[in-house]
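> give me the fold of what follows.
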Amino acid sequence: MAGGSLGGVAWFVAQGAEPDDAYRKNLEESFGADLRTVDFSSVQDSVDSIQRWVLEQTQDRVQIPSTGLDLGPDPQLVLASGLHIQGESVHLLQSCIKYSRFSRFFVDRYHTVMVSMMLTSGRFLLAYDRDLKTGVLRLGLDQGAAMLVLVPDEGVHVNTLEDELSAEKVQIWIQALKKTRLEVQLPRFALEQATPLKLNLKKLGVTQVFADNSLSQVLDSATLSVDETSVPGGVASSFKIPPPRLTVNRPFVFVVYHEATRTLQMIGRVVDPTQK
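Next up, the predicted model:
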């Protein structure tokens, strides 16, 4: 599978409320947005139209659950975005995957699962937050993106890390990254997320666009999959003394961001890699 990300933006407009050609052209040229007319009087048909668009944009990798499509009464306009980040193309710098094997993953103190672990060695960008007792590992993604894998120390609950997570913290971690010889053992995982954003945007003060005859809902859907399927072969690292190993065998948080702008693109938590 080729690397990169899949997705797009679309405006779903009620019949009779279509913008003029000039506005439509501006949406397409300035924002790359696709504008589609739907009959919101038929709720199921409207939901199906949005679902089909998301599936088309992400090559069937993202599906918004119907329970997440609360369009509200008499909708006029819905803005939808879909994103699939192809994390299976993680470059892992200049290292190469040695092999995968099943190992224990400690979901909590009383629950373990067997997961497929990838093992690789090389030079990685690494940092450690002493206050949060959390290791920070950077992995490269395609399309100018990167991922931080945040692994709390044993005995530190992942919720403690989440409570302190912020854009400012991410910037501090990125600044603190240093290249280190390391073996990394990381589970394969895949996540799906579908989020109506109207309430969140209102909490941030974005309210005017949701006024009468304006935007009725914002839907965001994204998936992330990480495995070694398409990891490019690199030069295998060879050390006379084996380097330290970072084993990600307990719940962790990941942050996907755009490297050039350091804009956060996706944040997630992996508690059980066997579940999406």
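> can you count the residues close to residue 224?
A total of 26 residues lie near residue 224 under the criterion other CB atoms under 10 Å. No exception for glycine: its C-beta is placed from N, CA and C like everyone else's.
> hey, what's it bridged with?
residue 85, residue 191 (DSSP bridges).
> looking at it, it is touching residue 190, isn't it?
Yes - in this structure, residue 224 is within contact of residue 190 by CB atoms under 8 Å, at 6.9 Å.
> which neighbours do those two share?
Residues touching both residue 224 and residue 190 (CB atoms under 8 Å, 6 or more residues apart in numbering): there are none.
> by mean pLDDT, point me to the weakest helix or strand of this structure.
strand 77-85 (a mean of 67; mean pLDDT, DSSP states H and E).
> so where do the strands sit in the stretch 51-200 of the chain?
77-85, 96-108, 111-129, 134-140, 145-152, 178-187, 189-196 (DSSP state E, counting those that start in this stretch).
> so for residue 246, which of those sits nearest?
strand 178-187 (5.2 Å; CB to CB).
> how distant is that closest one from the center of its chain?
21 Å (CA atoms, centre = their mean, to the nearest Å).
> what packs against it?
strand 96-108, strand 111-129, strand 245-247 (3 or more CB pairs under 8 Å, 6 or more residues apart in numbering; DSSP states H and E).
> JSON lines for the ones you listed, including mean neighbour count, distance to residue 149 and mean pLDDT?
Conversion of the helices and strands packed on strand 178-187 to JSON lines gives the following (neighbours: other CB atoms under 10 Å; distance: least, CB to CB, whole Å; pLDDT from 0 to 100):
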{"stretch": "strand 96-108", "mean neighbour count": "15", "distance to residue 149": "14", "mean pLDDT": "76"}
{"stretch": "strand 111-129", "mean neighbour count": "18", "distance to residue 149": "10", "mean pLDDT": "90"}
{"stretch": "strand 245-247", "mean neighbour count": "15", "distance to residue 149": "9", "mean pLDDT": "88"}
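> turn the ones you listed into TSV, columns for distance to residue 204.
Shown next, in TSV, are the helices and strands packed on strand 178-187 (distance: least, CB to CB, whole Å):
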stretch	distance to residue 204
strand 96-108	33
strand 111-129	26
strand 245-247	35
